[in-house]
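> predicted model and sequence follow; I will ask about them next.
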Amino acid sequence: MAKPSKARKTPAKPATQDDEDFALHSLQTAFEEQKSFNASDEQMLEFYKQMLLIRRFEERAGQLYGLGLIGGFCHLYIGQEAVAIGLQSGLDGDKDSVITGYRDHGHMLAYGIEPKVIMAELTGRQAGISKGKGGSMHMFSTEHKFYGGHGIVGAQVPLGGGLAMAHKYRGDGGICLAYFGDGAANQGQVYETFNMAALWKLPIVFVVEDNQYAMGTATKRSSAETRFYRRGTAFRIPGMEVNGMDVLEVRAAAEVAYKYVREGNGPVLMELNTYRYRGHSMSDPAKYRTREEVQDQKDHHDPIELIKKALIENGKSEDELKAIDKAIRARVSESADFAENSPEPDASELYTDVLVEEY
């Protein structure tokens, strides 16, 4: 006769957190109470100008690429402007840091960096923000607390964790905004960083810019869990789902997320649902989606047209907005002329900024 098996005792878990009181949906609930930022007329106009600057800058960058003045890879931000402007308009440029992947021109412009030095960098000129050696994918500015521009998919996320750790270590009150895409969301180092950031309560906001396609692969074909704001659940990181085509909704979500992080509660994970109008890079013909799909996004969800409509409803005239567009086009043309007329780096620059000379 078989002996009865001994009942196993469930090991006691350390009483470090009260699971019953832990609610991952808390930030989403607060956000849902007011999903549109109560912007003044001046703020709305500034959002419009900033998004339009990114749009016109990127259009001109695409032209320069076609002319052979920009080499290598070039990833445009057209269609996603509301994400960078909505989020970064709520940051403190004197203390908060930003890091992103290789689709980075828009984020630099959103942080107030001069278009001339960005365009000069794209064209590989000495006057560029990285002396012409970073190009489109690796721009960088410690002065502006913008830390790239990274070509390795997902590599910026652990670096963002390091920036957040530095903010906490120095006690400077700053937070880090770390962007990555829906493709990078499946990289292992992302989750290692989630774990450490949650464990150490680092002041960081993780932002998934879900533009629906990881290069040429639709999100639903590449990700088992397509609701990226849920990805932090295992690490007790609250998530937020945001319409990334509405700059006022993005800014409203940012207000909630930043308050939570600045109060010392640790990281937040934001999913910004957006859409890129161009291919993954300038070399991508984007045959994996229909023209009708792209046109529908432009006709019904364009972030610039959405804020333009609100401005007109608030009393701005079409002529005023056309004048703004004309001035921005002129500014972008000036930046392109500046870049084309700037010299290339001296040959001696090939050996500078390669290694740290002092330890």
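Received it, and whenever you're ready, just let me know what you need.

> shaky segments in the stretch 201-350 of the chain?
Within the stretch 201-350 of the chain, no range satisfies pLDDT under 70.

> the nearest residue to residue 34 once chain neighbours are set aside in helix, strand or coil?
Taking CB to CB, 6 or more residues apart in numbering, and ignoring the residues beside it in sequence, residue 34 has residue 252 as its nearest neighbour in space, at 6.0 Å. Glycine gets a C-beta too; all of them are placed from N, C-alpha and C. Classification of residue 252 into helix, strand or coil gives helix, according to DSSP: H, G, I helix; E, B strand; the rest coil.

> list the contacts of residue 357.
Neighbour list for residue 357: empty [criterion: CB atoms under 8 Å, 6 or more residues apart in numbering].

> which element is it on?
Under DSSP states H and E, no helix or strand contains residue 357.

> residue 351 versus that one, what's the distance?
Remark: distance between residue 357 and residue 351 (CB to CB, to the nearest Å) = 11 Å.

> what does residue 30 give?
If you measure residue 30 against residue 351 using CB to CB, the figure is 52 Å.

> so between these two, which is more surrounded?
More neighbours sit around residue 30 than around the other of residue 30 and residue 351, counting by other CB atoms under 10 Å; the figures are 17 against 8.

> if you tally nearby residues, what's the number for the residue nearest to residue 34?
Neighbour count for residue 252, taken as other CB under 10 Å: 22.

> ditto for residue 127
Residue 127: 19 surrounding residues under other CB under 10 Å.

> pretty sure it is touching residue 338, no?
Yes: taking CB atoms under 8 Å as the definition, residue 127 is a contact partner of residue 338 at 7.2 Å.

> so what sits against both of these two?
Counting by CB under 8 Å, 6+ apart, the common neighbours of residue 127 and residue 338 are 116, 120.

> for the stretch 1-150 of the chain, what spans make up the helices?
In chain order, the stretch 1-150 of the chain shows helices spanning 26-33, 41-66, 81-88, 105-110, 115-122, with DSSP state H, counting those that start in this stretch as the criterion.

> residues contacting the first one, please?
So the one you mean is helix 26-33. Here helix 26-33 makes contact (CB under 8 Å, 6+ apart) with 229, 238-242, 252-253, 256-257, 260, 268.

> give me the neighbour count for residue 35.
As a measure of burial, residue 35 has 14 neighbours, counting by other CB under 10 Å.

> same question but for residue 152, I mixed them up
A count of nearby residues for residue 152, using other CB under 10 Å, gives 12.

> ok, it to residue 183 distance?
The gap separating residue 152 from residue 183 is 12 Å, by CB to CB.

> repeat that for residue 112.
As for residue 112, its distance to residue 183 is 28 Å (criterion: CB to CB).
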